[in-house]
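>>> Provided below for reference: sequence and predicted model.
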Amino acid sequence: MNTQRAAMAVGDAGGISAELAAKVIADPESNAGDLMVIGDHRLLLRGASEAGIKIDLPVVTPAEVDSGLPEGSFIVDLGNCDPQSTPMGQSSVEGGRASVQNFRAALLTANVGYADLVFFTPFNKHAMRLAEPSYIDEIGFINVTIQSPESGREFNVLDEVWNARVTSHIPLREVVTQVTEQRIFDSLLLTDKVMRGADLGQPRIGVAAMNPHAGDGRNFGTEDEDVIQPAVDRAKSHGLAVTGPIPSDTVFVRAMRGEFDAVMTMFHDQGQIAMKLIGFDRGVTLIANYPFPIVTPAHGTAYDIAGQGIADLGATRNAANLGRKLAKLNERFFDLSTAPPLSALFAKAMAAEFNP
């Protein structure tokens, strides 16, 4: 490919994902390159109607993709989500099934070099589990789909501060057993690597404590002194700019004052609450540690405003731009003459029994 291509998977049909996808297509800043939109063309037209805009891109079917792709941006119409039979404002098996297929197709195409990054509008995990009960979250799905030897990690990104986390989509009662010295250390190494790869230099990382007041001298728990502190000391010995553990009710305050470039939190909502308060309509989720960037807006499907045409494009635009930046900084080169046919990848993505 001479121009950078983003594979964009259309997300959950019951929410604002089709509207956002249509807005991205119509937005010169977001659609700044070749965009391979993957989803149901009928759903995209509904999203465009909701947004009060028109989209006019070439439409190809999976059976036609091997005959030559259109120049610039285009839509691969999977015909997998009829808006007339997919309920709005709620999760559904129809919406979940299409989301799974769209995401899988985007991942498979990027993994062999037909796209440089994967970008998706918001998913709903419950809907995806209705369609595919083994689905837990995006990371596990990616691992299986591309048979990744390493698991990815989620980062939430704002201009002011990044948020990395040690654990993600697990019950809160399991956090203490999952937060180990090794896992914290590995997370710090990866955060340093990913942020350097984003051309941000050496990041200063503030590490959030597990317990109130960082354990208050072991009065409120021992994990901060026995688990987190050794991981921080180990990271420092490897040359990382790390500080902690810091009480989680002040670590983001210090970051926003300019003391840290990133905050490492121990569990999902410890960071998500702060990041969404700082910039709900701007935040990006980056799924890193894969051969290509995977990005999405950090907010969800917003069932409560589905169909109203009022979804804010800010976070989605930022996701597209971050994905393109990272793909450019970490460019890959492929001989597509040896890659599987695109039609075979789409057929694989839509198969009832997926075999990676």
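Now that the structure is in, tell me what you want to look at. Computed from a predicted model, the values in this text were never measured in an experiment. Numbering: from 1, shown residues only.
>>> quick one: the helices in the stretch 251-356 of the chain?
All helices of the stretch 251-356 of the chain, identified by DSSP state H, counting those that start in this stretch, fall at 251-256, 268-279, 314-329, 342-350.
>>> save these as CSV, and put in distance to Ile294 too.
To be clear about C-beta, it is placed using only N, CA and C from the backbone, and glycine gets the same treatment. Shown next, in CSV, are these (distance: least, CB to CB, whole Å):
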stretch, distance to Ile294
helix 251-256, 24
helix 268-279, 18
helix 314-329, 8
helix 342-350, 15
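>>> to Gly140, which of the ones you listed lies closest?
With CB to CB as the measure, helix 268-279 is the member of the helices of the stretch 251-356 of the chain nearest Gly140 (14.7 Å).
>>> tell me the contacts of the residue lying closest to Ser343 once chain neighbours are set aside?
Leaving aside its sequence neighbours, Ser343 sits nearest to Asp66 (CB to CB, 6 or more residues apart in numbering; 4.9 Å). Residues in contact with Asp66 (CB atoms under 8 Å, 6 or more residues apart in numbering) are 341-343.
>>> could you export these as JSON lines, including neighbour count, pLDDT and distance to Val118?
Shown next, in JSON lines, are these (neighbours: other CB atoms under 10 Å; pLDDT from 0 to 100; distance: CB to CB, whole Å):
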{"residue": "Pro341", "neighbour count": "10", "pLDDT": "96", "distance to Val118": "19"}
{"residue": "Leu342", "neighbour count": "23", "pLDDT": "96", "distance to Val118": "15"}
{"residue": "Ser343", "neighbour count": "15", "pLDDT": "96", "distance to Val118": "19"}
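>>> can you list the residues that contact the host helix or strand of Ile25?
For Ile25, the host element (DSSP states H and E) is helix 17-26. Contact with helix 17-26 is made by 8, 10-11, 30-31, 35, 37, 39, 43-48, 50-51, 53-55, 57, 73, 83, 121-123, 297, 301, 306-307, 309, 311, 313, 316-317, 320, as judged by CB under 8 Å, 6+ apart.
>>> let me know how buried Ile170 is, in neighbour terms.
For Ile170, the tally of surrounding residues (other CB atoms under 10 Å) stands at 14.
>>> how far away is it from Val179?
According to CB to CB, to the nearest Å, Ile170 stands 10 Å off from Val179.
>>> same thing with Ala105?
For Ala105, the distance to Val179 - CB to CB - is 35 Å.
>>> those two: who's more crowded?
Ala105 (28 against 19).
>>> in a helix, that one, correct?
Yes: under DSSP: H, G, I helix; E, B strand; the rest coil, Ala105 falls within a helix.
>>> hmm, it is touching Met350, no?
Yes: with contact defined as CB atoms under 8 Å, Ala105 counts as touching Met350 (7.4 Å).
>>> could you tell me which residues touch both of these two?
Listed contacts common to Ala105 and Met350 are Leu78; contacts here mean CB under 8 Å, 6+ apart.
>>> quick one: Lys236 and Gly244 touch, right?
No: between Lys236 and Gly244 there is no contact under CB under 8 Å: 10.1 Å.
>>> to Gly96, which of the helices of the stretch 251-356 of the chain lies closest?
Per CB to CB, nearest to Gly96 of those: helix 342-350, 13.9 Å.
>>> contacts only, for Asp77.
Counting by CB under 8 Å, 6+ apart, Asp77 has contacts 39-41, 59-61.
>>> are any of those buried, and which?
Neighbour-count burial (16 or more other CB atoms under 10 Å) applied to these gives 39-41, 60.
>>> mind putting the residues you listed into JSON lines with distance to Met275, pLDDT and secondary structure?
As requested, these are exported to JSON lines (distance: CB to CB, whole Å; pLDDT from 0 to 100; DSSP: H, G, I helix; E, B strand; the rest coil):
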{"residue": "Gly39", "distance to Met275": "28", "pLDDT": "98", "secondary structure": "strand"}
{"residue": "Asp40", "distance to Met275": "32", "pLDDT": "98", "secondary structure": "coil"}
{"residue": "His41", "distance to Met275": "34", "pLDDT": "98", "secondary structure": "helix"}
{"residue": "Val60", "distance to Met275": "38", "pLDDT": "97", "secondary structure": "strand"}
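>>> just the residues you listed now: which is nearest Gly283?
Gly39 (23.2 Å).
>>> name the nearest residue to that closest one, ignoring sequence neighbours.
Gly39's closest residue in space is Val10 (CB to CB, 6+ apart), at 3.1 Å.
>>> next, find the distance separating that neighbour from Thr265.
In terms of CB to CB, Val10 sits 30 Å off from Thr265.
>>> neighbour count for those two, which is higher?
Val10 (31 against 27).
>>> need phi/psi at the more buried one.
Note on Val10: its backbone torsions stand at phi -70, psi 130 [degrees, to the nearest 10].
>>> likewise Lys193?
The phi/psi pair for Lys193 (degrees, to the nearest 10) reads phi -60, psi -50.
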